[in-house]
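Chemist: turn this into a structure:
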Amino acid sequence: MNTLTLRRPDDWHVHLRDGAALAAVAQFTARQFGRAIVMPNLKPAVTNAASARAYRDRIMAALPGNTRFEPLLTLYLTNTTSPDEIDRARATGFVHGVKLYPAGATTHSDAGVTDVQKVYPVLARMEAIGMPLLVHGESPQPDVDVFDRETHFIDSVLQPLLERFAGLRVVLEHITTARAVEFVSDARAGVAATITPQHLLHNRNAIFSGGIRPHYYCLPILKRERDRLALLGAATGGNPRFFLGTDSAPHERASKENACGCAGMFTAHAAIELYAEAFEAAGRLDRLEPFAAHFGADFYGLPRHDDTITLVKESWVPPTHYDFGDGTLVPYRGGEPIAWRLADAGPA
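Modeler: Residues are numbered from 1 along each chain as shown. Below is the predicted model of the structure:
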């Protein structure tokens, strides 16, 4: 197969940042995706409907005036979020989820939830109105091994939460383990998961290949090969509970390449091409369109797109870096060949 035409996909988990960084990266997501669920962990965080509206305006201002891309905003859940704020967010029409970051679990999560019981009234309101809870599923406690944090969170927090709020719609974001695949596959109705390209293409050896590779460090961290194979099976298996979410998370080069580098991989410059590589390696390119363009839209109750994009089996090499505000951004596989090229995506 030398060309692959797909219904336009969506990215159900992306970090667009803000300010000059936003201006540098938004174009990559808008070029190939029709919509994207945009993460709220800015400084300050997007914690209410008013700040979500302002952030949406900044995203649109960073794109061409004729853009057809639609950012789908989220709220950052804190211990003090009120049920009334959830109602205000729903009324906007452009807030499509509320993000649960366990405090300290990842970048800019210090204002996250310290104890899920503190937000039970908010979760009850979300359950009542059908607002999805988007979960960074890791237990950040220092006594939990970094490679076990997802499994620990599922068993100690998420399973009891799903039982208590039996109608709450939940997306377990950027899953990384065979345990998560099993859990989501067997969960009650209304539970889904996103999967990133890096977790389909790599196991944890990539972080240490020839030395410490900071641009392969993300959270949740890459796991074992058996976990990667389980994720690949889930993504390519045709189960509508699993859909595309890049978790593309840009950081300035200096903040990655230092003694305490930030977690995050920038993949938005070649996202759909990377998924095509993974699906081709599994022999299931025929399953890429539903994973990328059907299942997420269906879960969020949004229409599938009518237009298409086209991929060509033609190797290309991304630049080694992009401009990123006053610094530079190192993309995933920068300076290295990627097997598929986005040939026809239409205007951003």
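
Chemist: what comes into contact with the helix or strand encompassing Ile37?
Modeler: Secondary structure from DSSP states H and E places Ile37 in strand 35-38. With Cβ atoms under 8 Å, 6 or more residues apart in numbering as the test, strand 35-38 has contacts from 10-16, 29, 55, 59, 69-74, 96-97, 134, 245, 297, 302. Placement of C-beta: from N, CA and C, glycine included.

Chemist: what of stretch 175-189?
Modeler: 137, 150-151, 154, 158-159, 162, 166, 172, 191-195, 199, 220-223, 226-227, 230-231, 233-234, 239, 241-242.

Chemist: could you redo the last one with a cut-off of 7 Å?
Modeler: Defining contact as Cβ atoms under 7 Å, 6 or more residues apart in numbering, one finds that stretch 175-189 is touched by 150-151, 154, 162, 166, 172, 191-193, 195, 199, 220, 223, 226-227, 230-231, 234, 239, 241.

Chemist: now do that stretch: distance from first to last residue.
Modeler: Stretch 175-189 has an end-to-end distance of 18 Å (criterion: Cα to Cα, to the nearest Å).

Chemist: can you give me the mean pLDDT across the strand holding Ile37?
Modeler: The predicted model gives strand 35-38 an average pLDDT of 98.

Chemist: measure Pro71 to Arg35 for me?
Modeler: 7 Å (Cβ to Cβ, to the nearest Å).

Chemist: so which of these two has more stuff around it?
Modeler: Neighbour totals were compared for Pro71 and Arg35, and Pro71 leads with 26 against 23 (other Cβ atoms under 10 Å).

Chemist: output the contacting helices and strands for the host helix or strand of the more buried one.
Modeler: Using DSSP H and E, Pro71 sits in strand 70-76. The contact analysis (3 or more Cβ pairs under 7 Å, 6 or more residues apart in numbering; DSSP states H and E) places strand 70-76 against strand 35-38, helix 49-61, strand 95-100.

Chemist: try 8 Å this time
Modeler: In terms of contacts (3 or more Cβ pairs under 8 Å, 6 or more residues apart in numbering; DSSP states H and E), strand 70-76 is packed against strand 35-38, helix 49-61, helix 83-92, strand 95-100.

Chemist: and the first one, C-alpha only, in CSV?
Modeler: Taking C-alpha atoms only, strand 35-38 is exported to CSV below (Å, rounded to 0.1, in the frame of the first residue of the first chain):
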residue,chain,number,x,y,z
ARG,A,35,-10.3,18.7,16.7
ALA,A,36,-8.2,18.2,19.8
ILE,A,37,-8.9,17.8,23.5
VAL,A,38,-6.5,20.4,24.9
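
Chemist: direction included, what does that strand pair against?
Modeler: strand 11-14 (parallel), strand 70-76 (parallel) (DSSP bridges).

Chemist: could you dump the ones you listed into CSV and include distance to Pro44 and mean pLDDT?
Modeler: Formatted as CSV, these follow (distance: least, Cβ to Cβ, whole Å; pLDDT from 0 to 100):
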stretch, distance to Pro44, mean pLDDT
strand 11-14, 19, 98
strand 70-76, 9, 98
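
Chemist: what's the closest of these to Gly104?
Modeler: Ranking the strands paired with strand 35-38 by proximity to Gly104 (Cβ to Cβ) places strand 70-76 first, at 14.2 Å.

Chemist: just the CA trace of that closest one, in PDB.
Modeler: Taking Å, rounded to 0.1, in the frame of the first residue of the first chain, the C-alpha atoms of strand 70-76 are listed here in PDB:
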ATOM      1  CA  GLU A  70     -11.700  23.200  16.700                       C
ATOM      2  CA  PRO A  71     -10.000  23.200  20.100                       C
ATOM      3  CA  LEU A  72     -12.000  21.300  22.700                       C
ATOM      4  CA  LEU A  73     -11.200  22.700  26.200                       C
ATOM      5  CA  THR A  74     -10.900  21.000  29.500                       C
ATOM      6  CA  LEU A  75     -10.900  22.200  33.100                       C
ATOM      7  CA  TYR A  76      -8.200  21.400  35.600                       C
END
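
Chemist: who's in contact with it?
Modeler: With Cβ under 8 Å, 6+ apart as the test, strand 70-76 has contacts from 16, 34-41, 45-49, 52, 55-56, 59-60, 81, 85-86, 89, 92, 94-99, 101, 111-112, 134, 300.

Chemist: next: stretch 318-328.
Modeler: For stretch 318-328, the surrounding residues in contact (Cβ under 8 Å, 6+ apart) are 19-21, 24-25, 250, 252-254, 269-270, 329-331, 333-336, 338.

Chemist: please pick the buried ones from the residues you listed.
Modeler: The neighbour-count test (16 or more other Cβ atoms under 10 Å) marks 21, 24-25, 250, 252-253, 269-270, 329-331, 333-334, 338 as buried among these.

Chemist: so which of these sit within helices?
Modeler: In helices, defined here by DSSP state H, the members of the buried ones among the contacts of stretch 318-328 are 21, 24-25, 253.

Chemist: tell me which two in those are the farthest apart.
Modeler: Checked with Cβ to Cβ, these reach their widest spread between Val25 and Arg253, with 13.7 Å between them.

Chemist: who touches both of these two?
Modeler: With Cβ under 8 Å, 6+ apart as the test, Val25 and Arg253 both reach 324, 329.
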